[in-house]
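Asks: sequence plus the predicted model coming up.
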Amino acid sequence: MRPRSSVFLFSPSSQLEKYSVFYSSCINTVEEALIIATFPDIRKHPDFVSPQSKAWNEQLAAETGKYEFTWKQDFEGPPAEDALTEKLAAIVHGKVLDVGCGHGSYMNQWADRAEEVVGFDLTAGYLETANRSRKPNVRYVQGNTKDGKLPFPDDYFDIAYTKKGPTSWYREGNRIVRSGGTLLLYHPGDGHGGELSSYFPGLFAPSGKGAPTLLDLYEERLEASGLQIVELTKLQETMWLPTAEDVLSMLCFGQRESYKAYVRESCYAQLAQRFEKHATARGIRTTGSYYLIEATPGRRQIG
């Protein structure tokens, strides 16, 4: 807040500047309101499927056979997930589990360093793709982490990790990873991609803020699981989306062609205008936020 004395510094120029700023803010507010009004609630379309749901993953797998982004993205510096890869590269040995492995492209890199690599995923279509390029010491298991018990013996794995996968397996991770073993948990962070909801209000959901935070939820589930946190690191990355088409592709990722056509017809003109307003020569800038949690098995939970 400005000092109270500044209120009394009257002059024609200062008054004119004051009203100019006020007028500009009103124009921006009205402009934002009009833009929001031009975007329909695209989630009410009958073909919309909630992203990351079971049905959404099955739909994406049926269409492409893999979980792979369809838009171009240009990173300023290393992607945040490089921190996970570097951690794993330094410790991978013995038996390794990837929870939420998708079509297996990420986990295949550990096959030459480990005795056995196991991928666990809910979506059969992804695993069909994964099995086409499976190495001899790699296998895939279909299942749901929410079913309660994972189909692995006690103390079976030396290392288990998830890359933006579920958190519902934490309790089982405490059972199936041997004492002294390592779990690496890489999850979206608070404030992830918040710029998109500002650039395109009404199209992208605002980033989560307030209580409880995502970190609160992760820590609560870790505590309930019996896992012990060794290290928690907050990671950030800067990414550029080069064109309005890339934003549209991100917005419609995993959806049916009928839905994509609807969004293009009803939103693209306004989306492109917003893109041009905020873009630099490099495109639209957005910030990714993630948590990388290293944990180890602790006291076993009973029941």
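Replies: Received it, and whenever you're ready, just let me know what you need. Numbering: from 1, shown residues only.

Asks: quick one, phi psi at the most centrally placed residue in the chain?
Replies: Geometric centre of the chain, nearest residue: residue 188, 4.7 Å, by C-alpha atoms, centre = their mean. Main-chain torsions, residue 188, degrees, to the nearest 10: phi -60, psi 140.

Asks: I'd say it and residue 290 touch.
Replies: Yes. Counting by C-beta atoms under 8 Å, residue 188 does reach residue 290; the two are 6.0 Å apart. Every residue, glycine included, has its C-beta placed from N, CA and C.

Asks: follow-up on the earlier one: residue contacts, the residue nearest to the centre of the chain?
Replies: 164, 214, 289, 290, 291 (C-beta atoms under 8 Å, 6 or more residues apart in numbering).

Asks: now that we have those residues, which one has the most neighbours?
Replies: residue 290 (23 neighbours; other C-beta atoms under 10 Å).

Asks: next, count neighbours for the closest residue to residue 204 other than its chain neighbours.
Replies: Among residues not flanking residue 204 along the chain, residue 196 sits closest, at 4.1 Å (C-beta to C-beta, 6 or more residues apart in numbering). Residues lying near residue 196 (other C-beta under 10 Å) number 21.

Asks: tell me the helix or strand right after the helix or strand hosting residue 196.
Replies: In this assignment (DSSP states H and E), residue 196 forms part of helix 194-199. Proceeding C-terminally, helix 194-199 gives way to helix 214-225 as the next helix or strand, assigned by DSSP H and E.

Asks: give me the buried positions along that next one.
Replies: 214, 218, 219, 221, 222, 225 (16 or more other C-beta atoms under 10 Å).

Asks: would you agree residue 240 falls within a strand?
Replies: Yes. Counting by DSSP: H, G, I helix; E, B strand; the rest coil, residue 240 is located in a strand.

Asks: what sits against it?
Replies: 73, 74, 75, 76, 282, 283, 284, 285, 286.

Asks: quick check, the fifth one in contact with residue 75.
Replies: No. Residue 282 is not in contact with residue 75 according to C-beta under 8 Å; the separation is 11.2 Å.

Asks: re earlier: tell me the contacts of the residue nearest to residue 204?
Replies: Taking C-beta under 8 Å, 6+ apart, one finds 203, 204, 247, 284, 286 in contact with residue 196.

Asks: ok, it to residue 185 distance?
Replies: 25 Å (C-beta to C-beta, to the nearest Å).

Asks: what about residue 155, which SS state?
Replies: When classified by three-state DSSP, residue 155 comes out as coil.

Asks: now the helices for this protein?
Replies: Applying DSSP state H to the chain gives helices spanning 12-38, 54-64, 82-91, 124-131, 170-176, 194-199, 214-225, 244-251, 257-278.

Asks: if I pick the nearest residue to residue 158 once chain neighbours are set aside, what's in contact with it?
Replies: In space, and not counting its chain neighbours, residue 158 is closest to residue 94: 3.4 Å by C-beta to C-beta, 6+ apart. Residue 94 makes contact with 114, 115, 116, 157, 158, 159, according to C-beta under 8 Å, 6+ apart.

Asks: now the phi/psi pair for residue 94, please.
Replies: Dihedral angles (degrees, to the nearest 10) for residue 94: phi 60, psi -130.

Asks: test my guess that residue 135 contacts residue 108.
Replies: Yes. Between residue 135 and residue 108 there is a contact at 6.5 Å, judged by C-beta under 8 Å.

Asks: of those two, who's got more company?
Replies: Neighbours were counted for residue 135 and for residue 108 using other C-beta under 10 Å; residue 108 has more, 18 against 13.

Asks: looking at that one now. What's its pLDDT?
Replies: As predicted, residue 108 sits at a pLDDT of 95.

Asks: for the nearest residue to residue 102 once chain neighbours are set aside, report the pLDDT, please.
Replies: Once flanking residues are discounted, residue 102 sits nearest to residue 67: 4.1 Å by C-beta to C-beta, 6+ apart. Here the pLDDT value assigned to residue 67 is 96.
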